[in-house]
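Student: Here you go, sequence then predicted model.
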Amino acid sequence: MINGMTGSQVMPVLPFLLALRLDPRRFIQTINISFSLSSIVMALGLSTLGLMTLETLWISLAGLIPVYLGTRIGGLVRQRMNAETFRTVILLMLIVFGVVLVGKSTLL
């Protein structure tokens, strides 16, 4: 419901999960489940509206290749961090992405 209202799969789920202070492995598992479920619901909604064509389905499936590779590489990097460093890196990434979005919106 929140994904539909905000149009974002990241906010507010990711900050909420950070606030729970889950261990990094559990955090990644939870965020992946959340993103997967919301993506499936979104795909079903787009399909119901007639906006999910066979072409867009193939494009979406092709997009899973870099997601898989990023997940694997991220898992290797995450294993080398302690839990507090992991949380700090995630929070810094959110801040950087937020600054980029605000910067883009002010330049347009």
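Tutor: Nice, thanks for sending it over.

Student: which intervals of the chain have sub-threshold pLDDT?
Tutor: Scanning the chain for pLDDT under 70 picks out 1-7.

Student: can you map out the helices along it?
Tutor: Secondary structure of the chain, counting by DSSP state H: helices at 2-6, 13-19, 24-48, 54-79, 83-107.

Student: mind putting those helices in a markdown table, mean neighbour count included?
Tutor: Every C-beta, even on glycine, is put in place using the N, C-alpha and C of the backbone. Converted to a markdown table, the helices of the chain look like this (neighbours: other CB atoms under 10 Å):
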| stretch | mean neighbour count |
| --- | --- |
| helix 2-6 | 12 |
| helix 13-19 | 15 |
| helix 24-48 | 14 |
| helix 54-79 | 10 |
| helix 83-107 | 12 |
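
Student: And residue 75, how far from residue 68?
Tutor: Computed as CB to CB, to the nearest Å, the residue 75 to residue 68 distance reads 11 Å.

Student: With residue 62 instead?
Tutor: For residue 62, the distance to residue 68 (CB to CB) stands at 11 Å.

Student: likewise residue 77?
Tutor: For residue 77, the distance to residue 68 equals 15 Å [CB to CB].

Student: Could you do residue 61 as well?
Tutor: Taken as CB to CB, the span from residue 61 to residue 68 is 11 Å.

Student: what do you get for residue 29?
Tutor: Distance, residue 29 to residue 68, by CB to CB: 15 Å.

Student: In contact with residue 71, which residues?
Tutor: Residue 71 is in contact with residue 32, counting by CB atoms under 8 Å, 6 or more residues apart in numbering.

Student: From residue 86, how far off is it?
Tutor: Look at residue 71 and residue 86: by CB to CB, they are 15 Å apart.

Student: Now for residue 44: which residues touch it?
Tutor: Going by CB under 8 Å, 6+ apart, residue 44 touches no other residue.

Student: looking at it, residue 28 is touching residue 78, isn't it?
Tutor: Yes. Residue 28 is within contact range of residue 78, at 6.9 Å (criterion: CB atoms under 8 Å).

Student: Residues that sit against both of the two, list them.
Tutor: Here residue 28 and residue 78 share no contacting residue, scored by CB under 8 Å, 6+ apart.
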